[in-house]
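Novice: below: sequence and its predicted model.
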Amino acid sequence: MLHIILVTVRPEIFHSFAEGLSSDPEVRLDQVTSGAEALGIVRTRSPHLVIVDSEVTDIDPLGLVREIISANAMVNTAVVSALSDDEFHDAAEGFGILCRLPLDSGPGEADGLLKKFRSVLL
């Protein structure tokens with residue numbers, strides 16, 4: 001079972017994306033609304049993947065990734081960002097982020113993310 005955390009204050013925007021993740025029988029998806037909540041889970045339950053929305057209210061997305069890595073370097077991350085892939089790569093270089101997701105992520109992006117994530121687990 002893959003434990004995935006989605007950090008967002010905009011669950012309605014990510015409804016179809018979350019449904020895409022949850023439709024996989026091997027995925028347990030939890031949604032939280034703050035970086036603090038996500039860090040609490042990272043420290044106590046060690047999820048496999050944390051997906052960080054571009055709009056987290058209590059910390060900037062890359063700051064949250066930095067905190068996650070500090071708390072548990074074994075947790076993988078993905079970040080929703082409006083930056084292009086090249087801009088995102090420059091901004092997040094060295095963070096070990098699995099991928100950048102577009103702002104309008106839906107079921108196709110959920111499927112692609114799970115395939116990419118599973119490929120690194122092998």
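Specialist: Nice, thanks for sending it over.
Novice: quick one, longest helix in this protein?
Specialist: Criterion DSSP state H: the longest helix present in the chain is helix 107-121.
Novice: so what touches stretch 99-115?
Specialist: 2, 14, 16-21, 23-24, 27, 51, 54, 78-83, 85, 88, 92, 98, 116 (C-beta atoms under 8 Å, 6 or more residues apart in numbering). In short, each C-beta sits where N, CA and C put it, glycine included.
Novice: what comes up buried for that stretch?
Specialist: 99, 100, 101, 105, 109, 110, 113, 114 (16 or more other C-beta atoms under 10 Å).
Novice: centroid-nearest residue for the protein?
Specialist: Closest to where the C-alpha atoms of the chain average out (C-alpha atoms, centre = their mean) is residue 51, at 1.0 Å.
Novice: my guess is it meets residue 6, correct?
Specialist: Yes. Contact criterion C-beta atoms under 8 Å: residue 51 and residue 6 qualify, at 4.8 Å.
Novice: and the strands in the chain?
Specialist: 2-7, 27-32, 49-52, 76-80, 99-101 (DSSP state E).
Novice: can you point out the buried residues in the lowest-mean-pLDDT helix or strand in the chain?
Specialist: Within the chain, no helix or strand scores below helix 85-92, which has a mean of 94 by mean pLDDT, DSSP states H and E. Across helix 85-92, burial judged by 16+ other C-beta under 10 Å covers 88, 92.
Novice: which strands or helices does it pack on?
Specialist: For helix 85-92, the packing partners by 3 or more C-beta pairs under 8 Å, 6 or more residues apart in numbering; DSSP states H and E come out as helix 61-71, strand 99-101.
Novice: how far out from the middle of the chain is it?
Specialist: Taking C-alpha atoms, centre = their mean, to the nearest Å, the mean C-alpha location of helix 85-92 is offset from the chain mean by 16 Å.
Novice: which residues sit against it?
Specialist: Against helix 85-92 from outside (C-beta under 8 Å, 6+ apart): 62, 65, 79, 81, 83, 100.
Novice: same thing with stretch 7-19?
Specialist: 6, 29, 31-35, 37-38, 50-53, 55-57, 64, 80, 105-107, 109-110.
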